[in-house]
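Asker: What would the 3D arrangement of this be:
(one chain, ligands or ions: 2)
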Amino acid sequence: MTLYSIRGAISVEDNKKEDIINAAKMLINEIINSNNIDPSQIVDILFSVTKDLDDAYPAPAIRSLGYDIPVMCLQEAEVKHSLRRCIRVLVHIQADEHKKIKHVYLKKAKILRPDISNLKIAIDGPAGAGKSTVAKELAQRLNIEYIDTGAMYRAVTLKLLDKHVDFSDTDTVVDILNSTEIQFENGRIYLDNKDVTEDIRSALVTANVSKVASIPEVRRILVSLQRKIADCKSVVMEGRDIGTTVLKDADLKIFLTSSVEIRAKRRYEELKRKGVKIEFSEVIEQIKARDLQDETREYSPLKMADDAHLIDASNMSVDEVVCHIIELLK
Ligand SMILES: Nc1ncnc2c1ncn2[C@@H]1O[C@H](COP(=O)(O)OP(=O)(O)OP(=O)(O)O)[C@@H](O)[C@H]1O
Ligand SMILES: Nc1ccn([C@@H]2O[C@H](COP(=O)(O)O)[C@@H](O)[C@H]2O)c(=O)n1
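Answerer: Ligands and ions are numbered 1, 2, ... in the order given. Below you'll find the predicted structure:
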């Protein structure tokens, strides 16, 4: 017999007896199911609760599940800026066989261990709103993966342009897509094993990408790939339809925007820094044209998900936006 320790945590909606007991039940059930254990293997259970949960002990959850297991409840250490309304648990089990333990973090408590908890954050918004800048920084702070779905549409556009494919020739577009490999590695994007990180930002790709992105077959294939990427790891995924289509079940959805003038000004300054010669009026027209095409396409248009949080970053720095999102995660 070997003694194993399983950790877990869950956030609680409100400081109400029913919410506390239900959350504790959900947590214990998930620990039992995902570790494939029999309740008779549990030696003891230690709960801790944050100070703001004082309407009930979580222990009765164990009795209401019908288990006769020693349980103890403690108050969690009070730490500044830590997750509020949270139940943490330590479960000891005994097992004959060698077990691979799965620790379980649910709801907002996923932020305690994003490295193991399949935390999904969706960021959508119009062109130049700061989605990639914010998503990259957020992913870095949480130590999880950043997925730029716009880069995937850009990579496909680059390939179709290189092959001089008529975008209305859907069969050829699908054939090409089915033999296309897109991978992200260390912040670079690879198209059929070739690094195209810079090539996909060309003016020609930018001018054509929204047309390619409006082809339903292209979207179906890329959405399925995006879901596969997010299936087994924590991600910050940004694009146009992440909250509405790709990750409808995301833990947090953000719709990031700014006034079109500010978005164009920021993009114009960025292009100037890169040495690109372009008029401000052209930048603003390009942004407006891309937004219009993305918002009005029939299949999976750019729009805010009903359960998304709107952030207008017109007067916010990148750091302020990222900190605000981290607060929303708690
Ligand atoms: N809050 C902010 N304050 C100042 N500059 C910002 C802010 N957010 C983003 N920027 C700048 O605005 C420009 C556009 O940002 P970014 O490329 O992240 O936007 P995006 O939404 O990903 O755009 P696209 O949809 O076109 O890919 C960048 O130069 C970035 O540094
Ligand atoms: N989920 C997404 C992401 C992007 N698009 C389209 O790709 C274009 C390029 O995106 P960037 O974020 O790199 O600017 C964008 O204008 C959209 O047309 C999309 O449709 N869905």
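Asker: how about the closest residue to ligand 1 within the chain, phi and psi?
Answerer: Closest to ligand 1 within the chain is residue 130: 2.7 Å, counting by C-beta to the nearest ligand atom. All C-beta atoms are positioned from the backbone trio N, CA, C, and that covers glycine. The phi/psi pair for residue 130 (degrees, to the nearest 10) reads phi 100, psi 10.
Asker: Surely it and residue 319 touch.
Answerer: No: at 11.5 Å, residue 130 does not count as touching residue 319 under the criterion of C-beta atoms under 8 Å.
Asker: Next up, identify which helix or strand the residue at minimal distance from the centre of the chain is on.
Answerer: Nearest residue to the geometric centre of the chain (C-alpha atoms, centre = their mean): residue 121, 2.3 Å. Assigned by DSSP states H and E, residue 121 belongs to strand 120-124.
Asker: what packs against that strand?
Answerer: helix 131-142, strand 235-239, strand 252-257 (3 or more C-beta pairs under 8 Å, 6 or more residues apart in numbering; DSSP states H and E).
Asker: okay, those, which one's buried deepest?
Answerer: strand 235-239 (a mean of 28; mean count of other C-beta atoms under 10 Å).
Asker: What parts of the stretch 201-330 of the chain come near ligand 2?
Answerer: By C-beta under 6 Å from any ligand atom, the part of the stretch 201-330 of the chain that sits against ligand 2 consists of 209-210, 213, 239-242, 290, 294.
Asker: Which of those fall in strands?
Answerer: Among those, DSSP state E puts residue 239 in strands.
Asker: Buried members of the residues of the stretch 201-330 of the chain next to ligand 2 into ChimeraX, please.
Answerer: Listed next is the ChimeraX selection for buried residues among those, using 16 or more other C-beta atoms under 10 Å:
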select :209,210,213,239,240,241,242,290,294
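Asker: residues near residue 309, how many?
Answerer: As a burial measure, residue 309 scores 15 neighbours (other C-beta atoms under 10 Å).
Asker: For the strand holding residue 121, output the C-alpha coordinates as PDB.
Answerer: Taking Å, rounded to 0.1, in the frame of the first residue of the first chain, the C-alpha atoms of strand 120-124 are listed here in PDB:
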ATOM      1  CA  LYS A 120      -8.900  28.900 -21.300                       C
ATOM      2  CA  ILE A 121      -8.900  32.600 -21.800                       C
ATOM      3  CA  ALA A 122     -10.500  34.000 -25.000                       C
ATOM      4  CA  ILE A 123      -9.700  37.500 -26.200                       C
ATOM      5  CA  ASP A 124     -11.500  38.900 -29.200                       C
END
